[in-house]
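> Sequence below, structure please.
(one chain, ligands or ions: 1)
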Amino acid sequence: MIKKTPYLSYCSKGICEGCKLCVQGKKLVLFVNGLCSRDCFYCPLSEKRKNKKISWANERKLSDNTTIAIKEAIEEAKITNALGMGITGGDPLFDEEKTITFIQAFKKEFGKSFHTHIYLIPETVNEKNLTRLFKARLDEIRFHPNILKDIDSLKNEINKIKLASKFNWDVGIEIPTLPKSERNIFKLIDKTHKYISFINLNELEVSDTNLDLFSKMNYKIDENDFSGYIIKGSKETALNILKYFCSAQTKNLFQYKKRLIIRAKNIKTVFDKLNKYGDLERNIIYLNEFYPGFGYENKIENLSSKEKTKLSKLLEQNKKYLLKTGIKEKELILDGINFRFITSRKVIESFHDKLKNLKLKPALVTELPTYYSLPLDIEFL
Ligand code: SF4
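The predicted structure follows:
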């Protein structure tokens, strides 16, 4: 029986273990790298991530050094109260060593029950890397077979899924649903059902990188979908097939939003307000040398160590000037990630002219509680 879940998705027998935590926003998304041997026309990876050898924990860009990156990712997991981790890419096996090291480190830090699932393409799987993943205590594999090929030609890929099913973990399939692809997906289910315990069908998502190709293929955006980035006919196809259906709305709205709300609660300072959308409303004093504007997101993610040191020094220097104006130390929180001060509305209003005299930029900001506090709305005063 097809059931509608509370998370804007459909399922036939309940949702898989890995998804249970995802939909509550309790899973860290570890993006190992954007490298992949395939070039699916529907690939949703953004320019920022596609073909880049950069790792991310949720929205936080990780250091190149794996030991430091693990510490950063664990910090991100703690701040979002994560109880598990979804490992993705690109193809995480492009950097097998890093993937294994991360799983081992997370299991060591959070214990055996920290649920880990990984997205893999069957082509790069073999007995050796599967054994390593198993020994690292991975809990679940979600395979993405090449659905752009005729399923009858995927003998080798299906054998890899069969091989993975011999280990004591959950194996499933997760694929986007191309409109009118029912026959191909039915064939895929027919050939793999003995080796898998679930299949997740995702709505086909539009992104900056696949939009042009979608238009060339005459795919249209589903205007009835409120998110505005789902291809028409994808949901209908999935519902026609339905065994398990994990919609893009679920992924984006529930997983993402719930994780952000947890994060917001954990990072909220005494001066911040958490609004009903889970965004933080803050009173900020920006440095004249570094404040949001065009390309800010990119700029902050790519600051060099030298630039960071310079901004930290400026921050410290300005703190001294601010204290001289009469602002109390407890009224200033130094934000060393965004190189700014978080303060109270009272300070912003009562000391407005003095702040301007110091060439600082007071502002009322609404922002996402992500690592780099992405601003949604800024009013410079
Ligand atoms: S397998 Fe996944 S990451 Fe690789 S190109 Fe296809 S959609 Fe992109």
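> contacts and neighbour counts: CA atoms only from here.
Noted.
> burial count for Glu316?
Residues lying near Glu316 (other CA atoms under 10 Å) number 13.
> typed the wrong thing, it's Lys330
Around Lys330 there are 7 other residues, counting by other CA under 10 Å.
> now swap in Leu381 and tell me
Leu381: 12 surrounding residues under other CA under 10 Å.
> who's in contact with the residue in the stretch 101-250 of the chain that the ligand sits nearest to?
Residue of the stretch 101-250 of the chain nearest the ligand, by CA to the nearest ligand atom: Ile121 (6.2 Å). The neighbourhood of Ile121, defined by CA atoms under 8 Å, 6 or more residues apart in numbering, consists of Asp91, Phe143, His144, Pro145, Asn146.
> Sticking with Val171, tell me its helix or strand.
Assessed by DSSP states H and E, Val171 sits inside strand 170-177.
> any idea how far that strand is from the chain center?
18 Å (CA atoms, centre = their mean, to the nearest Å).
> cool, and stretch 188-198?
For stretch 188-198, the distance to the chain centre is 28 Å (CA atoms, centre = their mean).
> For it, measure first residue to last.
End-to-end distance of stretch 188-198: 13 Å, with CA to CA, to the nearest Å as the criterion.
> one step back: in the helix or strand following the strand holding Val171, what counts as buried?
Where DSSP H and E defines the elements, the next helix or strand beyond strand 170-177 is helix 182-192. Residues Glu182, Asn184, Ile185, Leu188, Ile189, Thr192 are the ones in helix 182-192 that count as buried (16 or more other CA atoms under 10 Å).
> what residues are up against Lys61?
Per CA under 8 Å, 6+ apart, neighbours of Lys61: Ile54, Ser55, Glu301.
> So the last one versus the ligand, what's the distance?
It stands for Glu301. For Glu301, the distance to the ligand (CA to the nearest ligand atom, to the nearest Å) stands at 22 Å.
> Start the count at 728 instead of 1 going forward.
New numbering, starting at 728: the last item is Glu1028.
> residues near that residue, how many?
By the criterion of other CA under 10 Å, Glu1028 has 16 neighbours.
> just to revisit the earlier point, what's the strand holding Val898 packed up against?
strand 867-870, strand 925-930, helix 961-968 (3 or more CA pairs under 8 Å, 6 or more residues apart in numbering; DSSP states H and E).
> which other helices and strands contact the second one?
Read it as strand 925-930. strand 897-904, helix 961-968, strand 971-972.
> How far does it sit from its chain's centre?
18 Å.
> Lowest-confidence member of the buried residues of helix 909-919, which is it?
Across the buried residues of helix 909-919, the bottom pLDDT score, 75, is held by Glu909.
> ok, back up a step: which among the contacts of Ile848 end up buried?
Asp818, Phe870, His871, Pro872, Asn873.
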